[in-house]
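S.K.: Here is my input, please return the structure:
(chains A, B, C and D)
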Number of protein chains: 2
Amino acid sequence: MPEEQWTPPPVLLAVDLVILTLRNSRLHVLLVERGVEPYRGARALPGGFLNNSDEGLEEAAHRELREEAGLDASQLHLEQIAAYGEPGRDPRGRIVSVAYLAIAPSLPEPAAGTDAVGASWVPVDDVLCRGIELAFDHYDIVVDGVERARKKLERTALATAFCGSTFTIAELQQVYEAVWGVRLDPRNFYRKVQAVPGFIVETGVSRRTKRGRPARLFRAGKRTVLNPPIMRPNRLPGEGNHE
Amino acid sequence: MPEEQWTPPPVLLAVDLVILTLRNSRLHVLLVERGVEPYRGARALPGGFLNNSDEGLEEAAHRELREEAGLDASQLHLEQIAAYGEPGRDPRGRIVSVAYLAIAPSLPEPAAGTDAVGASWVPVDDVLCRGIELAFDHYDIVVDGVERARKKLERTALATAFCGSTFTIAELQQVYEAVWGVRLDPRNFYRKVQAVPGFIVETGVSRRTKRGRPARLFRAGKRTVLNPPIMRPNRLPGEGNHE
DNA sequence: GCAAAAGTGTTCATCTTACACCCATGA
DNA sequence: TCATGGGTGTAAGATGAACACTTTTGC
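M.R.: Just a heads-up that it's a prediction; the model follows:
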């Protein structure tokens, strides 16, 4: 913090949301269609400006979550990704956006009660492969958000945020497979997650029915840091070099 | 990004720096002493407001690095930590700060040619144990910055940013030990870092002198992501629960 | 009974750890 | 020569991948 008399230039602050969920075993992100210029017609992350000078950043994220995605703030994971402030990122002027990552459990609703036009769940793969054009620098933000989720699956209980209040181990495995984009051995995964103290706890009421033997139901434990961690399978030795 | 006609409230944007370095095998952070209210006399992170509406966030971080710490922007690691924007974090008004983490190699100078009064390197342990009072929410920012560095040592070549252009494996080990606050077996560390392709490369000119057998000199390789990673020794099973 | 999914046991390869030991230098 | 730190070998234990096999359900 500086000591100058000179008054620093004010900037406009926005909050954008990367809301991830699983829909039929694939990772999806919530996108809205822009109704006005710039980038009219393109898809963008839900978000908006700070309401007033007294609104906190996370508070604004919670409000947007409610307004634009119809998701209740409580009981869903929310964390900051980063601030995006390159001059020129928004043609309307100097706007700095603070991006948040939200994880929602799989819900039956199509895209939740949204008031923004054209809100829809889009497979993350379609976005990452640039099959869908995003407004502003929102592509970068999605990349960073997904990467954050991928990393946090290893050492934190983030995966349970994708599940309902109770879940089977197979469902938990689908979270890891969808977010990491890999296949895991169900038998080894089964033991591995149970070997982490406090990660998941068995609800006595064990069963559920679909096909085959019923599975025990678990709920998220209190422990948020995983020890030992659930490590992502090794990429082949000669590979990836991005930060 | 919203579509409202209403004009959002502008906020002031600041940039704060967590500059880490090693000084005689201990992790230090650069702090300045505040000359004006609020928090006059307390220590704070170096930083300042955006210069003008055209200055980028990282650009501002580079400028502060030069102005307040006398460190050349080029060839030192710089990455964003997060945005800190709770209303009330600064008694002067609504100020949102974007914090950056910088890693500087061990330099002979006491605190570098600073123009801020009372800039000094402070052992990170003294800050984390709250032995030193920091202004604003700068304690939280230091915690987040150090935690970021600790995590990135495992999977990235960040440790080499603490070293000069060439370094011995023992020096690299001191980085890991100081940042993680653990002791490592030199023999096992020696082989482990060399087993990561592209992490460090041997400079033909191998020697250096102090006491005992001379060590080979290495420089940072091109690979920034470590595979396999250098994992932090396991904390005991019943432990830590913070996010 | 059969298919399918849950859950268990076991093997083999790999990695980690601990530590004995040798090497090259300054004093 | 001894002390000191650099560098190598190796064996025991822990971990992880692969996969055969048993259990419990719906049909």
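S.K.: Confirm that residue A:96 sits in a strand.
M.R.: Yes: counting by DSSP: H, G, I helix; E, B strand; the rest coil, residue A:96 is part of a strand.
S.K.: and chain A, which residues reach DNA strand C?
M.R.: A:168-170, A:186-188, A:190-191, A:206, A:210-216 (CB under 7 Å from any atom of the strand). Where you see a C-beta, it was placed from the backbone N, CA and C, and this is true even at glycine.
S.K.: burial of the closest residue to DNA strand C within chain A, as a residue count?
M.R.: Proximity of chain A to DNA strand C (CB to the nearest atom of the strand) peaks at residue A:212, 2.4 Å away. Using other CB atoms under 10 Å in any protein chain shown, residue A:212 is surrounded by 6 other residues.
S.K.: Give me the pLDDT value at it.
M.R.: Residue A:212 is assigned a pLDDT of 92 by the prediction.
S.K.: I'd like to know how far it sits from residue A:170.
M.R.: As for residue A:212, its distance to residue A:170 is 10 Å (criterion: CB to CB, to the nearest Å).
S.K.: Would the single longest helix found in chain A count as contacting DNA strand D?
M.R.: Counting residues, the longest helix found in chain A (DSSP state H) is helix A:138-155. No: with CB under 7 Å from any atom of the strand as the measure, helix A:138-155 is seen stopping short of DNA strand D, the closest distance being 10.4 Å.
S.K.: Ok, stretch A:183-202 next?
M.R.: Yes: judged by CB under 7 Å from any atom of the strand, stretch A:183-202 and DNA strand D are in contact via A:185, A:187-188, A:192.
S.K.: From these, list the buried ones, please.
M.R.: residue A:192 (16 or more other CB atoms under 10 Å in any protein chain shown).
S.K.: Can you get me the start-to-end distance on stretch A:151-167?
M.R.: Terminal residues of stretch A:151-167 lie 22 Å apart, using CA to CA, to the nearest Å.
S.K.: still on that earlier bit, which helices and strands does whichever helix or strand comes after the longest helix of chain A pack with?
M.R.: Once helix A:138-155 ends, the next helix or strand along the chain (criterion: DSSP states H and E) is helix A:169-180. Packed against helix A:169-180 by the contact rule (3 or more CB pairs under 8 Å, 6 or more residues apart in numbering or on different chains; DSSP states H and E) you find strand A:11-23, strand A:26-33, helix A:138-155, helix A:186-194.
S.K.: what's in contact with the third one?
M.R.: It stands for helix A:138-155. By CB atoms under 8 Å, 6 or more residues apart in numbering or on different chains, the residues outside helix A:138-155 that reach it are A:16, A:18, A:20, A:27, A:29, A:44-45, A:79, A:81-82, A:84, A:97, A:99, A:101, A:103, A:124, A:127-128, A:130, A:134, A:158-159, A:175-176, A:179-180, A:225-226, A:229-232.
S.K.: before we move on, what about the shortest one?
M.R.: Strand A:26-33 is contacted from outside by A:17-22, A:41-46, A:68-69, A:111, A:114, A:116-125, A:127, A:132, A:134, A:142, A:145-146, A:178-179, using CB under 8 Å, 6+ apart.
S.K.: average pLDDT for it?
M.R.: 96.
S.K.: Tabulate the CA atom coordinates of it in CSV.
M.R.: Extracted as CSV, the C-alpha positions of strand A:26-33 are listed here (Å, rounded to 0.1, in the frame of the first residue of the first chain):
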residue,chain,number,x,y,z
ARG,A,26,-19.3,-36.0,-18.3
LEU,A,27,-17.9,-32.8,-16.9
HIS,A,28,-20.0,-29.8,-17.8
VAL,A,29,-19.6,-26.0,-17.4
LEU,A,30,-22.5,-23.6,-17.2
LEU,A,31,-22.5,-21.0,-20.0
VAL,A,32,-24.9,-18.2,-20.9
GLU,A,33,-25.5,-16.6,-24.3
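S.K.: That one to strand A:11-23, inter-axis angle?
M.R.: 140 degrees (axes from the mean of the first three to the mean of the last three CA atoms, to 10 degrees).
S.K.: rewinding a little: separate out the buried members of the contacts of strand A:26-33.
M.R.: The neighbour-count test (16+ other CB under 10 Å) marks A:17-22, A:43-46, A:68-69, A:111, A:114, A:116, A:119, A:121-124, A:127, A:132, A:134, A:142, A:145-146, A:178-179 as buried among the contacts of strand A:26-33.
S.K.: re earlier: mind checking which of the contacts of helix A:138-155 are buried?
M.R.: Buried among the contacts of helix A:138-155 by 16+ other CB under 10 Å: A:16, A:18, A:20, A:27, A:29, A:44-45, A:79, A:81-82, A:84, A:97, A:99, A:101, A:103, A:124, A:127-128, A:134, A:158-159, A:175-176, A:179-180, A:225-226, A:230, A:232.
S.K.: what about the nearest residue to residue A:73 once chain neighbours are set aside, how many neighbours?
M.R.: The shortest distance from residue A:73 to any non-neighbouring residue, by CB to CB, 6 or more residues apart in numbering or on different chains, is to residue A:62 (4.0 Å). Using other CB under 10 Å, residue A:62 is surrounded by 22 other residues.
S.K.: and what of the one 10 residues further on?
M.R.: For residue A:72, the number of neighbouring residues by other CB under 10 Å comes to 12.
S.K.: for it, what are its contacts?
M.R.: residue A:66.
S.K.: Just the buried residues of the helix or strand encompassing residue A:64, please?
M.R.: Using DSSP H and E, residue A:64 sits in helix A:57-69. Under the neighbour-count criterion of 16+ other CB under 10 Å, helix A:57-69 has A:57-65, A:68-69 buried.
S.K.: How far away from the center of its chain is it?
M.R.: 14 Å (CA atoms, centre = their mean, to the nearest Å).
S.K.: Does it pack against any helices or strands, and if so which?
M.R.: strand A:11-23, strand A:47-49, strand A:77-84, strand A:95-103.
S.K.: Kindly recompute the last result at 10 Å.
M.R.: strand A:11-23, strand A:26-33, strand A:47-49, strand A:77-84, strand A:95-103, strand B:77-84 (3 or more CB pairs under 10 Å, 6 or more residues apart in numbering or on different chains; DSSP states H and E).
S.K.: Do any residues in the first one lie close to chain B?
M.R.: So that's strand A:11-23. Yes: counting by CB under 10 Å from any CB of the partner chain, contacts between strand A:11-23 and chain B involve A:11-16.
S.K.: So for that strand, mean pLDDT?
M.R.: In this model, strand A:11-23 has a mean pLDDT of 96.
S.K.: Now do that strand: distance to the chain's middle.
M.R.: 9 Å.
S.K.: Equivalent analysis for stretch A:224-234, please.
M.R.: On CA atoms, centre = their mean, the centre of stretch A:224-234 falls 19 Å from that of its chain.
S.K.: How about the residues of chain A by DNA strand D?
M.R.: So far as CB under 7 Å from any atom of the strand goes, chain A lies against DNA strand D at A:185, A:187-188, A:192, A:207, A:209, A:211-214, A:228, A:231, A:233-234.
S.K.: Just the ones of these in helices?
M.R.: Using DSSP H, the residues of chain A next to DNA strand D in helices are A:187-188, A:192.
S.K.: where does chain A have low pLDDT?
M.R.: A:1-5, A:108-117, A:235-243 (pLDDT under 70).
S.K.: domains of it?
M.R.: By the assignment in automatic domain parsing, chain A contains the domains A:12-153, A:156-220.
S.K.: out of the ones you listed, nearest to residue B:201?
M.R.: domain A:12-153 (26.7 Å; CB to CB).
S.K.: Can you measure across the closest one, start residue to end residue?
M.R.: 33 Å.
S.K.: thinking again about what came up before, can you tell me which of the residues of chain A next to DNA strand C is nearest chain B?
M.R.: Nearest to chain B among the residues of chain A next to DNA strand C: residue A:191, at 16.6 Å, using CB to the nearest CB.
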